[in-house]
Structure formats: C-alpha cells, structure tokens
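Asker: Structure, please.
(4 chains)
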There are 2 protein chains.
Amino acid sequence: MELHQLRYVLAVARAGSFSRAAEDLYLAQPSLSVQIRKLEKELGIALFDRLGRRVVLTAAGEEFVAHVQQALAHLDRARAGAAAVRSLQGGRVSIGVLPSVGAGLMRCDCVWRLLPRRDGSASCSWGTGRRSR
Amino acid sequence: MELHQLRYVLAVARAGSFSRAAEDLYLAQPSLSVQIRKLEKELGIALFDRLGRRVVLTAAGEEFVAHVQQALAHLDRARAGAAAVRSLQGGRVSIGVLPSVGAGLMRCDCVWRLLPRRDGSASCSWGTGRRSR
DNA sequence: TTACGTTACGCGACCCGTAAAGATC
DNA sequence: GATCTTTACGGGTCGCGTAACGTAA
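Answerer: Purely as a prediction, here's the structure:
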C-alpha cells in the first residue's frame, strides 16, 4: 500500500474510468491498471467493479476511499504546516528598537509572536503592539 | 513524501534515536538516516534536532508528526475495513432449510445479516433466528 | 576510545511506458 | 469494429545493506 496507489484509486473513483483517470494523472493506462490491481491483491478485496467500459466502486471500495480521503487530507495539512514554517524560516526578520529601551528588551527572553501574511512574510508583535518586519 | 518515510519519522520520534529506531524497524541505520534526510529536504524544514547522541523533534517536527499520526490512523482503519470485508468474503456460507419452507424462502429477495465471529467465520441470521454456518 | 549519525557505492526491486492480446459494447 | 482493460517486456529510478568516514562524549 503506497501513497501513489491511493491517489490512483481516488482518481479512478472520481473519473469512473481507468483511461480518463490515467489522463488526469498524466500516466499510461496500463501502469494505472497494474497499480490498482496490485493494491486490490494486497488488500484481498476488489475496490472496483469492472462493468464493461464502466468502472464503479464496490461497497468495500466506497468505505476504503472514504478513509483514504481523510488520510490524504491530514497529509496535506502536514505538508502545508511544513511549508508555512519554511516560508517563515526563509524570510528575514529585521528588528528596530530605540537603544534606550532596546538594550533591556533584547536581553530578556521574550516570546515573539509571528503572524504570517499572504505574501509569505510575517509581522512580528511583542507586548505593546510595536511592529517590525 | 512516501508512506515508509512517515513511518520512519514516527519511529525515530518515538525512540529518540536513529539507531534504536532502525532496530525497531528491522532496518540499517544508514538507510533510515538517508530517508529522514531526504524527507526533510523535500519539506524544506528540519524535523529533528541532532544533539550529539540525542535526537529530538523540532517544533515544526512536532506539528508534522501530529498530522502524520492522524493520517496513518485513517489508513489503518482503511486497511482494517478491507480485512473485515475479506474475512467475510473468504468464508463459506452454507444454508440448510426444510424443503417445505425453503422453497419459498430461497426464492424471495431476503436481507441476510452476517455477524462476523472471532475465528474469521460468520453466523448468518434471518427472521426467526434460525442460524447456519 | 566508543557510540552514533552521515556519506559512498553496488545490488535488487519496483514503477513506468510501449506493444500486443483479450474482452465488452 | 471501436473502445477499454489486461498482460508482457525493457529501461530507469530508488530504497536497502555493507563499508568507510566524521564527530561528539
């Protein structure tokens, strides 16, 4: 059971056809068919009913797909979280303070709040609402 | 991002060490290290802090692992669902009825209730509570 | 010096695409 | 006969294990 196989199952279920799903996936039909069959063999059940030129999910396949959709959604969140962290890490943080007060602030262990913006940068706030890029 | 890489991440996070995680996974340490590093490169962030001989999750790693655990849990449910269906499909259903009443029963479209048992077989009940293997 | 993580390299497995065969309408 | 799925085969990628290196306690 591999991730690409799961994505293939969702694509076939959505397209209702192996050939159309293969187009959506930019994949050759035989490769897709082989992977689906391999997964079905591993699971020990049929995910799809091949009805001539139509392909529909079996009852077991419906349940399987529902779980897989949940799983892939969580993985997308995991990836998105990583991307968000990366964009913050990649950005530069410039801090401007008055020497008179900065000398004290920069020494203490402060909790800086990073608020991500649409463009990938972030605003940083601390305490009184002073802001800096 | 592949499934085995995600499992490896969870194993390292749980063990707190690459070498111990590799043992748990029945895997050579170098293979494990390479896969983790490959995933980190793909995500663009560090999942673990290498502190000498201790390995701990970064903040981003913690969040990532949380999502991954959810995802893998859903995949386990998907697999378990398939296994349940398989055990029912694989079993044999034998039906014994008296000819006098069976002639009528076997002709009608009945809803048969399959109750899975511990040993993989299932009991089948219909209407009055008559049972058959 | 010992233990642990990393890099280098050869082997085997697996996925993909092309081509041919089978099946269904 | 046309369309779609399946099977067969060759090529390239990738994960794994062994071995050697770097590094911290």
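Asker: Can you name the residue of chain A nearest to DNA strand C?
Answerer: Going by CB to the nearest atom of the strand, DNA strand C is nearest to A:G52 of chain A, at 2.8 Å. C-betas here are computed from N, CA, C, even on glycine.
Asker: For A:L47, give me its contacts.
Answerer: Contacts for A:L47 were tallied using CB atoms under 8 Å, 6 or more residues apart in numbering or on different chains; they are A:V9, A:I36, A:L39, A:E40, A:L57, A:T58, A:A60, A:G61, A:F64, A:V65.
Asker: Kindly reformat those residues as a markdown table containing secondary structure, distance to DNA strand C and pLDDT.
Answerer: Listed next are the contacts of A:L47 as a markdown table, based on DSSP: H, G, I helix; E, B strand; the rest coil; distance: CB to the nearest atom of the strand, whole Å; pLDDT from 0 to 100:
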| residue | secondary structure | distance to DNA strand C | pLDDT |
| --- | --- | --- | --- |
| A:V9 | helix | 12 | 97 |
| A:I36 | helix | 10 | 97 |
| A:L39 | helix | 9 | 97 |
| A:E40 | helix | 13 | 96 |
| A:L57 | strand | 17 | 96 |
| A:T58 | coil | 17 | 96 |
| A:A60 | helix | 21 | 95 |
| A:G61 | helix | 19 | 96 |
| A:F64 | helix | 18 | 97 |
| A:V65 | helix | 19 | 97 |
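Asker: still on that earlier bit, from DNA strand D, how far out is the residue of chain A closest to DNA strand C?
Answerer: From A:G52 across to DNA strand D, the span is 8 Å (CB to the nearest atom of the strand, to the nearest Å).
Asker: How many residues are close by that residue?
Answerer: Look at A:G52: counted by other CB atoms under 10 Å in any protein chain shown, it has 5 neighbours.
Asker: do the same with A:A21
Answerer: There are 23 residues near A:A21, going by other CB under 10 Å.
Asker: got the CA coordinates for the one helix or strand it maps to in CSV?
Answerer: Element membership for A:A21, per DSSP states H and E: helix A:18-24. Taking Å, rounded to 0.1, in the frame of the first residue of the first chain, the C-alpha atoms of helix A:18-24 are listed here in CSV:
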residue,chain,number,x,y,z
PHE,A,18,-9.2,3.9,-16.0
SER,A,19,-8.3,5.7,-19.2
ARG,A,20,-9.7,9.1,-18.1
ALA,A,21,-8.1,8.7,-14.7
ALA,A,22,-4.8,8.0,-16.4
GLU,A,23,-5.1,11.2,-18.4
ASP,A,24,-5.8,13.2,-15.3
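Asker: in that helix, what counts as buried?
Answerer: By neighbour count on 16 or more other CB atoms under 10 Å in any protein chain shown, the buried set for helix A:18-24 is A:F18, A:A21, A:A22.
Asker: Hmm, the last one is touching A:I36, no?
Answerer: Just to be clear, that refers to A:A22. No: contact between A:A22 and A:I36 fails when scored by CB atoms under 8 Å: they sit 10.5 Å apart.
Asker: contacts for the helix holding A:A21?
Answerer: With contact meaning CB under 8 Å, 6+ apart, helix A:18-24 is reached by A:Y8, A:A11, A:V12, A:R14, A:A15, A:A28, A:Q29, A:S31, A:L32, A:S33, A:I36, A:V55.
Asker: That one vs DNA strand D: in contact?
Answerer: Yes: on the criterion CB under 7 Å from any atom of the strand, helix A:18-24 is in touch with DNA strand D at A:F18, A:S19.
Asker: With stretch A:29-39 instead?
Answerer: Yes: Stretch A:29-39 is in contact with DNA strand D by CB under 7 Å from any atom of the strand, via A:Q29, A:P30, A:S33, A:V34, A:I36, A:R37.
Asker: Does that stretch reach chain B?
Answerer: No: applying CB under 8 Å from any CB of the partner chain, one finds stretch A:29-39 out of contact with chain B, separated by at least 9.6 Å.
Asker: same question, stretch A:70-79
Answerer: Yes: Stretch A:70-79 is in contact with chain B by CB under 8 Å from any CB, via A:Q70, A:A71, A:L72, A:H74, A:L75, A:R77, A:A78, A:R79.
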